[in-house]
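**Student:** let me see the structure of the following:
(2 chains)
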Amino acid sequence: MAQSIKDHDDKTLPLQGAGGLDHAALSDVFNLDEDRVDWHDETLWWIRQKRDKAVHQLPEWESLRETASQIKNNVLSDLNNYLQQFEAKATANGIKIHWAADAKEHNEIVLSLLQSKQVKQMVKSKSMLTEECHLNEFLAENGIDVIDSDLGERIVQLAKEPPSHIVLPCIHKKKEEIGELFHIHLGTPAGNADPQFLTETARQHLRETFLTRRAALTGVNFAVAETGEFVVCTNEGNADMGAHLADIHIASMGIEKIIPERKHLGVFLRLLTRSATGQPITTYSSHFSKPRPGQEMHIIIVDNGRTVQLGREDFRNSLKCIRCGACMNTCPVYRRSGGHSYHNAISGPIGSILAPNLDMEKYADLPFASTLCGSCSNVCPVKIDIHQQLYKWRQVIVKNGYATTAKKASMRLMSFTLSTPSVYHAGGKAGRWVLKHAPFAVNNKFNPWYKHRDMPEPPKESFGEWYAKNKTGK
Amino acid sequence: MSSRDKILAAVAANQPGKVDLPDINFLKGSPGNHAEKFIAILTAIGGKAIEVSSFDDIKAYIKQAAKPGDRVVSTFSEISDCAELINNYAGLPHDLQDIELAVIGAALGVAENGAVWVKGDLLSQRVVPFICQHLAVVLKKDEIVATMHDAYEKIGDEDYGFSTFIAGPSKTADIEQSLVLGAHGPRTMTVFIMNAGA
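**Tutor:** Okay, the predicted model is just below:
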């Protein structure tokens, strides 16, 4: 499946509208294998149900969400102060702070830090920001070898694919495919697809990596302005294994990762993993304040479009996101189209409201990849109005002229039809006639509506006709 | 203008009007005995709780769990006859890679999620609770609080270089959502719950 994605050597997916595939076309590729789609759908729905079970055990869940939302609103409203406070505290703690305006500057800072230590190999734990910046490709071009240490990320790295989900990077892969990748790259016996065995193999392989890498890069889940510490959450322990063995620890964070005080971690750590996987907390929630003796610790604070999003009143609260992935697990479109169909580092509903800010033309299709059912907003632990932002992005995209030609033409036709009663009535009549007398004209592959659906039985008459008849019949 | 100044200026220009922080005091849990809940949650997430009344009980456990030749390390002088004391370990963190069992202390436990608060600064190397094959933590029964809010209240403005919440053994479900214990860190996690007065 997803042949067109797999064959990409780099992780940059094609530009939509420039000969590349958009969400609908990429979903078609994913939907070629119907059994896989069903399996993908059920797996994610199962995770959504685990989330529900965990959430229902806390009677205060809704007030926790509301509190988290208010804390994040405060953060966005006073971010300038908080960032400076964080910088001052972290610096006093012996951490070196760097600022990157965009992806390029972020990547160059990482490279220069590695070069200053003559490091050619780095181990990295999960960081969606580095996916957004395409750090791995940049470092590879500059002779630096990066190994992703999260098991799921390592798997997609071996497959030369981007993660398809922010929490579950290889959720689209069957264990047999993973067994085959391990057979090719790690020398496991052909045909062995036992998760226990494969995980043990990865453990041995990556332990060697941890012990020999002098540089480790991690993401940041929360950065506390009050104390200058940052928190990294993992289940595997890979961030800690990398950071505590390396001479230099680099942590990359977007400006929106700030929270005001340490005690606020209590709110967010209660919400994060229950929303993500239904666990009460990740196995490890590590609080880094100071480098260990002899170690260097660096934090790169990245903008890359976030300040622009902060200025968009309708969309700024997308920056409240804590990257739990609950909106993906619950989304009926994501579950049946797969993460790669979003051709962006962050997929699903949240990715679809973040991406157009970065490139409105390239991601013009994403806000339309939704039924607007609102389930994403209902599960969001920080109460982002995701489905409303999807709806608003559609309007911005069309107004700015980024809708596809076909969409523009069909909307123009629809607008003309709906505002011209004679055309509307004639169109309805013609439609009913065709469905009745020449169904083959619409029941074919050229009609996108006919895919996976039967066309309806045509009614004998329209409501307008029925009303006219019955009114005069009085 | 540096990127720092550019970013901060853009933030200042684009951030909305100031909104107050909410009061979070209402979220505190109730005081009382939370050990039962802690044990139930820890067990559910793949950990193991053992109630003990003295370090002799812990020594008996180590003697039964560790095979001859296994490297057992600890920060407790009380069990120095069956574990290597690492409080003053001055070597490289890498040389701890062959630890079979580490027995360390936890300052508090959280009943709602089975996590314990481990102060990294009390370990000679931060990597100890991650690199060992098996982890055991000693926790006083009356140091178990109800929720994370209570935990952070106890932690307060404690000054540390590194501290971590650990909840159960290292785990992954990245392969078809099949839960496997022992991803990169410890394969098992045992919490010795020390009765008050012990």
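
**Student:** leaving out sequence neighbours, find the closest residue to A:Leu206.
**Tutor:** Residue nearest to A:Leu206 in three dimensions, not counting chain neighbours: A:Ser149, with 5.5 Å by CB to CB, 6 or more residues apart in numbering or on different chains. Bear in mind the C-beta positions are built from the backbone N, C-alpha and C, glycine included.

**Student:** dump the residue contacts of that neighbour.
**Tutor:** Contacts were defined as CB atoms under 8 Å, 6 or more residues apart in numbering or on different chains; by that measure A:Ser149 touches A:Val123, A:Lys124, A:Ser125, A:Leu206, A:Thr209, A:Phe210, A:Glu236, A:Asn238, A:Ala239, A:Met241, A:Gly242, B:His184.

**Student:** which of the residues you listed lies closest to B:Tyr152?
**Tutor:** A:Ala239 (20.9 Å; CB to CB).

**Student:** from chain B, which residue is nearest to chain A?
**Tutor:** Closest contact between chain B and chain A, by CB to the nearest CB, is at B:Gly185 (2.9 Å).

**Student:** what sits against that residue?
**Tutor:** A:Glu236, A:Gly237, A:Asp240, A:Met241, A:Thr283, A:Tyr284, B:Pro129, B:Phe130, B:Ile131, B:Leu135, B:Pro169, B:Ser170.

**Student:** got any ranges where the chain has weak pLDDT?
**Tutor:** Defaulting to chain A. A:1-19, A:472-474 (pLDDT under 70).

**Student:** right idea, wrong chain: chain B
**Tutor:** For chain B, residues meeting the criterion pLDDT under 70 lie at B:197-198.

**Student:** the strands in it, which residues?
**Tutor:** B:48-52, B:71-74, B:84-85, B:99-105, B:108-110, B:115-119, B:134-140, B:144-145, B:162-166, B:171-172, B:180-181, B:188-194 (DSSP state E).

**Student:** repeat for the stretch 351-474 of chain A
**Tutor:** Taking DSSP state E, counting those that start in this stretch as the criterion, the stretch 351-474 of chain A carries no strands.

**Student:** residue of it closest to chain B, please.
**Tutor:** A:Asn357 (12.1 Å).

**Student:** in helices, which of the contacts of A:Ser149 fall?
**Tutor:** In this view, these that belong to helices under DSSP state H are A:Leu206, A:Thr209, A:Phe210, A:Asn238, A:Ala239, A:Met241, A:Gly242.

**Student:** the last one contacts A:Ser127, correct?
**Tutor:** Going back to what we said before, that points to A:Gly242. No. The criterion here is CB atoms under 8 Å, and A:Gly242 misses it with A:Ser127 at 11.3 Å.

**Student:** touching both of the two, which residues are there?
**Tutor:** Any residue near both A:Gly242 and A:Ser127 by CB under 8 Å, 6+ apart counts here, and that gives A:Leu217, A:Thr218.

**Student:** higher neighbour count, these two?
**Tutor:** A:Gly242 (28 against 23; other CB atoms under 10 Å in any protein chain shown).

**Student:** hmm, back to that, using JSON lines, lay out the strands of chain B together with distance to A:Val379.
**Tutor:** Rendered in JSON lines, the data for these read as follows (distance: least, CB to CB, whole Å):
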{"stretch": "strand B:48-52", "distance to A:Val379": "32"}
{"stretch": "strand B:71-74", "distance to A:Val379": "43"}
{"stretch": "strand B:84-85", "distance to A:Val379": "48"}
{"stretch": "strand B:99-105", "distance to A:Val379": "37"}
{"stretch": "strand B:108-110", "distance to A:Val379": "24"}
{"stretch": "strand B:115-119", "distance to A:Val379": "23"}
{"stretch": "strand B:134-140", "distance to A:Val379": "33"}
{"stretch": "strand B:144-145", "distance to A:Val379": "28"}
{"stretch": "strand B:162-166", "distance to A:Val379": "24"}
{"stretch": "strand B:171-172", "distance to A:Val379": "23"}
{"stretch": "strand B:180-181", "distance to A:Val379": "26"}
{"stretch": "strand B:188-194", "distance to A:Val379": "30"}
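
**Student:** as JSON lines, these with distance to A:Glu131 and mean neighbour count would be great.
**Tutor:** Listed next are those as JSON lines, based on distance: least, CB to CB, whole Å; neighbours: other CB atoms under 10 Å in any protein chain shown:
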{"stretch": "strand B:48-52", "distance to A:Glu131": "36", "mean neighbour count": "16"}
{"stretch": "strand B:71-74", "distance to A:Glu131": "37", "mean neighbour count": "21"}
{"stretch": "strand B:84-85", "distance to A:Glu131": "41", "mean neighbour count": "13"}
{"stretch": "strand B:99-105", "distance to A:Glu131": "33", "mean neighbour count": "22"}
{"stretch": "strand B:108-110", "distance to A:Glu131": "31", "mean neighbour count": "27"}
{"stretch": "strand B:115-119", "distance to A:Glu131": "28", "mean neighbour count": "25"}
{"stretch": "strand B:134-140", "distance to A:Glu131": "31", "mean neighbour count": "22"}
{"stretch": "strand B:144-145", "distance to A:Glu131": "37", "mean neighbour count": "25"}
{"stretch": "strand B:162-166", "distance to A:Glu131": "25", "mean neighbour count": "25"}
{"stretch": "strand B:171-172", "distance to A:Glu131": "19", "mean neighbour count": "26"}
{"stretch": "strand B:180-181", "distance to A:Glu131": "24", "mean neighbour count": "22"}
{"stretch": "strand B:188-194", "distance to A:Glu131": "30", "mean neighbour count": "23"}
